[in-house]
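mind looking at a prediction? Sequence and model below.
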Amino acid sequence: MVNRMGERDTAGNRLGAYLKDRRAKLDPAALGFPPERRRTPGLRREEVAQRANISPTWYTWLEQGRGGAPSADVLDRIRALMLTDVEREHLFLLGLGRPPEVRYQKNEGVTPRLQRVLDALEPSPALIRTATWDVVAWNRAATVMLTDYGSLPLEQRNLLRIIFLDPRARAVQYDWESVARFVISAFRVDAARAGAAAEVEPLVDELCRLSPEFKAMWGDTAIRSHGEGVKHIRHPVLGPLAFEYSAFAVDGRSDLSMVVYNPATAADADRIRSLMRKQKTAAV
């Protein structure tokens, strides 16, 4: 339905309503525009168009719901509205019905709040990995049950390097080859999903040089689901253990995912707690 100004009603023009709302929240003076009196708060339409390097007429049509669907390029330029990544994604969903093309941005480390989430999950080992499978955070249960990531140089805290180059990681697996193939498949999916194809090339080249097994398996392009499953290991102290693992996306961080290994039985959880207490006492 169109009003007298030729604009679609707000209910049928969610993109226009969103653009107007974001425009009204910007401070003209902070963005270099004259601090003159304005009838309404925020930037004018022509000022947004100037910052986005698009024509004022086309931007006006966007807000009015005219001219058809915008292109991805135009929506990308409207980051001139100082949109966050989440707001930019919402803009694309409103304008094109899909999220924007992923552009991988590597961010090291996690917030203290996210680290506290990991710590609260004990005795379940839990870690945060990047799309290139570098481990950037973990809890003490992960140190005790999986790998002491803190003892490794930063460049060695990579799950593919550990699986293919660390004999200890091979020794704890009941079926190392099956695990290795699964890891490569899941890694390939994560890297593609995060738009990190270029970033993984140096790691893939390195592993192809150092591990003939990796080189052979990398040629297998089979893709498998890896959001959850069961992992069996031979722990050097506790012996056989089973974990139900789940992988979760970290909201607002396309480069990160959290993996939690929940002990499959209450008895396994008690054994892990006991070992963690002993090691903590021994370290005091």
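All right, it came through fine.

which parts of this protein are helices?
Using DSSP state H, the helices of the chain run over 14-24, 45-52, 56-64, 72-77, 85-96, 112-120, 140-145, 159-165, 167-171, 176-193, 197-210, 212-218, 266-283.

distance between the lowest-mean-pLDDT helix or strand in the chain and the chain's centre?
None of the helices or strands of the chain scores lower by mean pLDDT, DSSP states H and E than helix 85-96, at a mean of 85. Distance of helix 85-96 from the chain centroid (CA atoms, centre = their mean, to the nearest Å) equals 17 Å.

buried ones in it?
Judged by neighbour count (16 or more other CB atoms under 10 Å), helix 85-96 contains these buried residues: 88-92, 94-95. To be clear about C-beta, it is placed using only N, CA and C from the backbone, and glycine gets the same treatment.

G229 is nearest to which of the helices of the chain?
For these, proximity to G229 was assessed by CB to CB; helix 176-193 is nearest, at 8.4 Å.

who are the packing partners of that closest one?
For helix 176-193, the elements it packs on are helix 159-165, helix 197-210, helix 212-218, judged by 3 or more CB pairs under 8 Å, 6 or more residues apart in numbering; DSSP states H and E.

mean pLDDT, distance to E47 and mean neighbour count added to these, as CSV?
Below are these laid out as CSV (pLDDT from 0 to 100; distance: least, CB to CB, whole Å; neighbours: other CB atoms under 10 Å):
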stretch, mean pLDDT, distance to E47, mean neighbour count
helix 159-165, 95, 48, 21
helix 197-210, 91, 36, 14
helix 212-218, 94, 50, 15
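
how about those in CSV, adding distance to F187?
Listed next are the helices and strands packed on helix 176-193 as CSV, based on distance: least, CB to CB, whole Å:
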stretch, distance to F187
helix 159-165, 6
helix 197-210, 8
helix 212-218, 10
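
closest one to R234 among the ones you listed?
Nearest of the helices and strands packed on helix 176-193 (CB to CB): helix 159-165, 15.0 Å.

quick revisit: wait, which of the helices and strands packed on helix 176-193 is closest to D27?
Nearest to D27 among the helices and strands packed on helix 176-193 is helix 197-210 (35.6 Å), distances taken as CB to CB.

packing partners for that closest one?
If you count contacts as 3+ CB pairs under 8 Å, 6+ apart, helix 197-210 packs onto helix 159-165, helix 176-193, helix 212-218.

tally of neighbours for the residue nearest to A197 when sequence neighbours are not counted?
Nearest residue to A197 in three dimensions, chain neighbours excluded: A191, at 6.2 Å (CB to CB, 6 or more residues apart in numbering). Here the number of neighbours of A191 (other CB atoms under 10 Å) works out to 22.

pretty sure A191 sits against D134.
No: using CB atoms under 8 Å, A191 makes no contact with D134, being 11.5 Å away.

low-confidence ranges in the protein?
1-12, 102-108, 221-227, 252, 254, 284 (pLDDT under 70).

if we go to 50?
Low-confidence segments of the chain (pLDDT under 50): 1-11.

re earlier: the residue nearest to A197 and K20, how far apart?
From A191 across to K20, the span is 38 Å (CB to CB, to the nearest Å).

OK, contacts around D73?
Contact analysis of D73 by CB atoms under 8 Å, 6 or more residues apart in numbering lists nothing.

compare the helices and strands packed on helix 197-210 and give me the one nearest R51.
Comparing those against R51 with CB to CB, the closest turns out to be helix 176-193 (30.9 Å).

from Q156, how far off is the closest residue to W176 other than its chain neighbours?
Excluding the flanking residues, the one nearest W176 by CB to CB, 6+ apart is R170, at 4.9 Å. Distance of R170 to Q156, given as CB to CB: 16 Å.
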